[in-house]
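1. Please work out how this folds:
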Amino acid sequence: MLGGGSSIQIARLFGIRIGASWSWFVVFGVLIFVLSDYFQTVITGGSPTEAYVVAVLAALLFFASIVLHELGHALVARRLGIAISGIDLWFFGGIAKMSRDTDSPGAEFKVAAAGPAVTLVIAAVCGGLCALLAGGAALDVIVLDTGAQVSAPLALLAWLALWNALLLVFNLIPAFPLDGGRLARAAVWGMTGDRNRATRLSGRLGEAFAYLLVGLGIFLAATGYPINGIYLAVVGWFLAQGARAAIASTAFTERIDGITVADIMDTEPVTMPATTTVLRAQEEFFLRYRWSWFAVVDDAGRFAGVISEQRIESEVSAGRPALEVGELLEAAEAERWRVPSDRPLEALVADEHLRANGALMAVDADGVLCGVVTIEHVRRALSAALPQRIA
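-> Below you'll find the predicted structure:
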């Protein structure tokens, strides 16, 4: 589901920040209020206090299942090399915030399918436990038959099984930006080799489904179900916004298609040999050019890392002016600055290291430094790709 805005951190799992927006707290409170009445009717001899406790557990566990759903997306994306800035819960569900889009149909399919796969497991486990505890009455419990008087644990499991199953079915509808829409995009992308065409098709399906939800919401609101109707209509409106944004983005993507880092980078950067001493680096580079950092290369021209003025001054002050710059570099730090020269401009736009560093070192397949690309280079390239207005 789409989401945005600021959020409050509520947990951190696998190094991923889990946050919740203010709208989530509203939904959480309303859900507890509604479920308290429901559980009091189905729990055998249930008191208002017991029903309230079960309602709180149900709301917490349901949102926990949404977090697990989004973690499925996030962990698969991270395994494919896509950084995750966090997971946010909000009014309509959750979102795993990826630093960039997928770059192949296979990657798109894997990331999109991971969330529904987790939800399927949760629904199956809860449904299986219901069947184990309720025997032949399991289906009555799962479909929320108010005449099925059951224990509190069974009522809780049944509710979780049903709503995770509904979440699974809803998410698998082939309408972008739902997971089913992303799976449809992956399929069309794989068959045609054209991601933009696949995005437009799944986006139009998403728009159609969204307007159907809006229409259904209006109908429900007009026939005596105002809360459900308004909620469906708002969900449909947000889905339509996401689908339209995806369709619109394809027009711009087509304009920058084929442009790579090599097309926009500075091909003649000033570099520092790895054998340069700390004292020479200070005198001949930092004091001369007045820059805060320099790219360092080895004898073969391969990129070795970036050295900062602060680090050089620290070594001079510590009485180590004869140290070679190459001895101060760390391989892990160098990776934060490295980018393939053939990386598409579209992928570069969302690169978190470019945003953090302000620049990246473009290298070829052998690791040889080919140039430097900065945020300003990217801005100029994107501005040139925008349609020009005629006065």
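2. wouldn't Gly115 be in contact with Glu70 here?
-> Yes: taking Cβ atoms under 8 Å as the definition, Gly115 is a contact partner of Glu70 at 6.4 Å. The C-beta positions use only the backbone N, C-alpha and C, and glycine is treated the same way.
3. Residue ranges in the stretch 251-391 of the chain under the pLDDT threshold?
-> Judged against pLDDT under 70, the low-scoring parts of the stretch 251-391 of the chain cover residues 386-391.
4. Repeat that for the stretch 101-250 of the chain.
-> Low-confidence regions of the stretch 101-250 of the chain, defined here as pLDDT under 70, cover residues 135-148.
5. any idea how this structure splits into domains?
-> Residue ranges for the domains of the chain, per automatic domain parsing: 1-172, 174-256, 261-385.
6. With mean neighbour count as new columns, can these be given to me in CSV?
-> Shown next, in CSV, are those (neighbours: other Cβ atoms under 10 Å):
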stretch, mean neighbour count
domain 1-172, 18
domain 174-256, 19
domain 261-385, 16
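7. which neighbours do Gly115 and Glu70 share?
-> The overlap between the contact sets of Gly115 and Glu70 (Cβ atoms under 8 Å, 6 or more residues apart in numbering) consists of Ala96.
8. Where do the helices of the stretch 251-391 of the chain begin and end?
-> In order along the chain, the stretch 251-391 of the chain carries the following helices (DSSP state H, counting those that start in this stretch): 261-264, 278-281, 287-289, 309-317, 331-335, 345-349, 352-357, 375-385.
9. Quick check: which of these is nearest to Ser21?
-> helix 352-357 (21.7 Å; Cβ to Cβ).
10. other SSEs contacting the closest one?
-> helix 375-385 (3 or more Cβ pairs under 8 Å, 6 or more residues apart in numbering; DSSP states H and E).
11. give me that answer again for 6 Å
-> Packing contacts for helix 352-357, counted by 3 or more Cβ pairs under 6 Å, 6 or more residues apart in numbering; DSSP states H and E, involve no helix or strand.
12. got a list of contacts for that helix?
-> Helix 352-357 is contacted by residues Ala83, Ser99, Arg336, Leu360 when judged by Cβ atoms under 6 Å, 6 or more residues apart in numbering.
13. Narrow the residues you listed to those in strands?
-> Assigned to strands by DSSP state E, the following of the contacts of helix 352-357 qualify: Leu360.
14. which of the contacts of helix 352-357 lies closest to Ala222?
-> Distances from Ala222 to the contacts of helix 352-357, taken by Cβ to Cβ, are shortest for Ser99, at 43.3 Å.
15. Now do the contacts for the closest one.
-> Ala83, Ala350, Glu352.
16. Can you give me the pLDDT of it?
-> pLDDT recorded at Ser99 is 76.
17. try Phe28
-> Confidence score, pLDDT, at Phe28: 86.
18. any idea how far it is from Leu60?
-> Distance from Phe28 to Leu60, counting by Cβ to Cβ, to the nearest Å: 8 Å.
19. any common contacting residues for the two?
-> Taking Cβ under 6 Å, 6+ apart as the contact criterion, Phe28 and Leu60 have no common neighbours.
20. circling back to that earlier point, reformat the helices of the stretch 251-391 of the chain as JSON lines; add distance to Arg12.
-> Conversion of the helices of the stretch 251-391 of the chain to JSON lines gives the following (distance: least, Cβ to Cβ, whole Å):
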{"stretch": "helix 261-264", "distance to Arg12": "33"}
{"stretch": "helix 278-281", "distance to Arg12": "39"}
{"stretch": "helix 287-289", "distance to Arg12": "41"}
{"stretch": "helix 309-317", "distance to Arg12": "30"}
{"stretch": "helix 331-335", "distance to Arg12": "22"}
{"stretch": "helix 345-349", "distance to Arg12": "27"}
{"stretch": "helix 352-357", "distance to Arg12": "18"}
{"stretch": "helix 375-385", "distance to Arg12": "29"}
